[in-house]
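Chemist: Sequence first, then the predicted structure, then my questions.
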Amino acid sequence: MATIDEIIDNFGLLDEWDDRYRYVIELGRSLPPLPEAAHSEANKVRGCASQVWLLTHVKPDGAAGPVLSFDGDSDAHIVRGLIAILFALYSGKGARDIMAIDALDIFDRIGLRENLTPQRSNGLRSMVERIRAEAKAALAPA
């Protein structure tokens, strides 16, 4: 999987929306498959026009706090790409770091959000809110 810095650099090289769109879909293809059992109601992200499933893994990390990693899937190719970008931003990070990352600002900076339909933009916001809620929940027992 690409790092967020690589993704941002690659977006800087792509001038046309069609090229960016294809790149987002390509990123989605890099997501490992989500086991069928994880396509459950409990893992479903509410507020997305497409079906989106998000699975969160929390690993305690002592005084530094919990570290979260994610698996996910969608029935839409472009949304799988958005998930891949979110995972590049958030997966493997500490819960406190996740709370400090403004994904929507990054999506704006790379010019991606302006080309999303309102439904996709709302779905993106729902995915970010879900990830942040998982980070907040992981911090709660601490």
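Modeler: Thanks, I have it. Numbering: from 1, shown residues only.
Chemist: which stretches of this structure form helices?
Modeler: Ranges of helices in the chain, per DSSP state H, are 4-13, 17-29, 77-90, 95-100, 103-109, 118-139.
Chemist: Quick one: closest of these to Ser40.
Modeler: Closest to Ser40 of the helices of the chain, according to CB to CB: helix 118-139, at 14.3 Å. For the C-beta atoms, the positions are set from N, CA and C on the backbone; glycine is no exception.
Chemist: circling back to that earlier point, so of the helices of the chain, which one's packed in deepest?
Modeler: helix 77-90 (a mean of 22; mean count of other CB atoms under 10 Å).
Chemist: same for that helix, what does it pack against?
Modeler: The contact analysis (3 or more CB pairs under 8 Å, 6 or more residues apart in numbering; DSSP states H and E) places helix 77-90 against helix 4-13, helix 17-29, strand 52-59, strand 67-74, helix 103-109, helix 118-139.
Chemist: Let's have the ones you listed in CSV, adding mean pLDDT.
Modeler: Converted to CSV, these look like this (pLDDT from 0 to 100):
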stretch, mean pLDDT
helix 4-13, 95
helix 17-29, 95
strand 52-59, 96
strand 67-74, 96
helix 103-109, 93
helix 118-139, 94
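Chemist: Would you reformat these as TSV and include distance to Arg46?
Modeler: Below are the helices and strands packed on helix 77-90 laid out as TSV (distance: least, CB to CB, whole Å):
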stretch	distance to Arg46
helix 4-13	25
helix 17-29	21
strand 52-59	9
strand 67-74	14
helix 103-109	18
helix 118-139	6
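Chemist: I'd like to know which of the ones you listed is closest to Tyr90.
Modeler: helix 118-139 (5.3 Å).
Chemist: angle of the closest one against strand 52-59?
Modeler: 20 degrees (axes from the mean of the first three to the mean of the last three CA atoms, to 10 degrees).
Chemist: what's next to helix 118-139, contact-wise?
Modeler: Contacts of helix 118-139 with the rest of the structure, by CB atoms under 8 Å, 6 or more residues apart in numbering, involve 45-50, 52, 54, 56, 58, 65-66, 68, 70, 78-79, 82-83, 86, 90, 95-96, 98-99, 103-104, 107, 113, 116.
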